[in-house]
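[1] model the following, please.
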Amino acid sequence: MLGKGFVEKYYRLSREKDSFLCVGLDPATASMRERFIVPKPLVEEFGVSKGIKKFCIDIIEAVSPFAPVIKPNAQFLAYPLSFRDLCEIVDKIHEGDCLALLDAKLSDIRSSNQAALYWINEIGFDAVTFNPFQGYKDGTDVIYEWADRFDKGVFALCRMSNPGTHDYQSMVVNQEPLYIRLARDAFEKGANGFVVGCTATHELEEVRRIIGEERIILSPGMGPQGGDPAVAIKSGANKNGEGLIISSSRTIDYAYEMLGWSWERFAEAAAIQADAERRKLNEYKIKAFR
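    Sure thing, here's the model as predicted:
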């Protein structure tokens with residue numbers, strides 16, 4: 001297994017914080033959608049880029065006591081923010097004693113992946129998600145090399161949480177589902193992380209069987225996508241009830257909307273929701289492994 005230092009640090013932080021919650025940062029603005037948005041007054045006062053950055057910084061500070069991992073989404077952050085902005089966000093994540101996992105889903109040829117990984121490393125991220133579909137040679141090989149050289153986390157997409165994932169990731173290839181082939185190949189290459197949606201409990205169980213006890217599964221889809229974390233924990237955790245990271249984004253980032261609170265209290269609402277989700281996940285874990 002590559003990146004053992006990342007795995008060891010995750011387990012240490014998870015135990016210290018009594019949490020296996022990952023808080024995703026998906027900062028959308030009012031120009032993108034009507035609900036689940038960065039507060040309009042924040043954008044109006046600071047501008048789009050600085051408003052998004054302040055939103056993320058305040059959320060990170062609020063939720064870091066309750067999560068060992070914080071997952072910025074590159075699709076929401078890489079375009080509106082600068083290199084310096086991203087460095088400040090990662091620095092804030094580390095100040096809270098959390099791991100910074102970039103949800104980039106790298107999916108290109110070697111030279112393009114290499115360029116992305118250079119900047120990901122310069123910014124200071126501890127881990128990244130990637131799509132293994134382009135193959136190993138002159139594709140994902142550089143991602144594994146990065147994990148080995150810098151002791152990083154690399155999370156291979158196996159089975160995502162959206163309904164359309166069945167279109168391809170469950171297709172039978174050489175007498176086995178594609179997601180199984182992806183998981184097995186990533187395991188053999190040394191990946192220390194695997195992405196399997198919270199909505200796919202059978203697939204979680206199958207991937208855990210392939211990867212063994214030590215490696216980590218990141219499981220998104222707990223909130224609006226309808227995943228059942230109680231079943232996911234039972235299916236995807238290892239025999240000790242560990243090794244599974246449940247990711248939650250919108251229900252925490254925009255808790256102020258769901259609670260009906262004023263926008264000024266968005267960080268406070270995020271902290272309350274993150275702690276509530278952490279506690280609930282621990283309850284599910286106790287029931288699943290007692």
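[2] just the helices from the stretch 151-290 of the chain, written as ranges.
    Assigned by DSSP state H, counting those that start in this stretch, the stretch 151-290 of the chain shows helices spanning 178-189, 201-211, 229-236, 250-253, 255-259, 266-289.
[3] how about the first one: buried residues?
    Of the residues in helix 178-189, 178-183, 185-187, 189 count as buried by neighbour count, 16 or more other Cβ atoms under 10 Å. All C-beta atoms are positioned from the backbone trio N, CA, C, and that covers glycine.
[4] quick one: closest of the helices of the stretch 151-290 of the chain to Pro72.
    Across the helices of the stretch 151-290 of the chain, Pro72 has its closest neighbour in helix 250-253 (11.2 Å, Cβ to Cβ).
[5] buried deepest among the helices of the stretch 151-290 of the chain, which one?
    Most buried of the helices of the stretch 151-290 of the chain, by mean neighbour count (mean count of other Cβ atoms under 10 Å): helix 250-253, with a mean of 24.
[6] returning to that earlier point: rank the helices of the stretch 151-290 of the chain by pLDDT, which is bottom?
    Least confidently modelled of the helices of the stretch 151-290 of the chain is helix 229-236, at a mean of 91 by mean pLDDT.
[7] any weak-confidence spans in this protein?
    Along the chain, segments meeting pLDDT under 70 span 161-173, 223-227.
[8] okay, which residue is most central for it?
    For the chain, the residue nearest the mean C-alpha position is Lys71 (4.6 Å; Cα atoms, centre = their mean).
[9] of the buried residues of helix 178-189, closest to Asn238?
    Out of the buried residues of helix 178-189, the one with the shortest distance to Asn238 is Phe187. That distance is 14.1 Å, counting by Cβ to Cβ.
[10] which residues are in contact with the nearest residue to the closest one once chain neighbours are set aside?
    Closest residue to Phe187 in three dimensions, ignoring its sequence neighbours and counting by Cβ to Cβ, 6 or more residues apart in numbering: Ile211, at 5.1 Å. Residues in contact with Ile211 (Cβ atoms under 8 Å, 6 or more residues apart in numbering) are 183, 187, 194, 217.
[11] Gly139 too?
    Gly139 makes contact with 108-110, 113, according to Cβ under 8 Å, 6+ apart.
[12] 6 Å instead, please
    By Cβ atoms under 6 Å, 6 or more residues apart in numbering, the residues touching Gly139 are Ile109.
[13] mind checking how far it is from Ala232?
    From Gly139 over to Ala232 the distance is 29 Å, taken as Cβ to Cβ, to the nearest Å.
[14] before we move on, what about Lys40?
    According to Cβ to Cβ, Lys40 and Ala232 sit 34 Å apart.
[15] same deal with Ala191?
    Taking Cβ to Cβ as the measure, Ala191 falls 20 Å from Ala232.
[16] no further questions, thank you.
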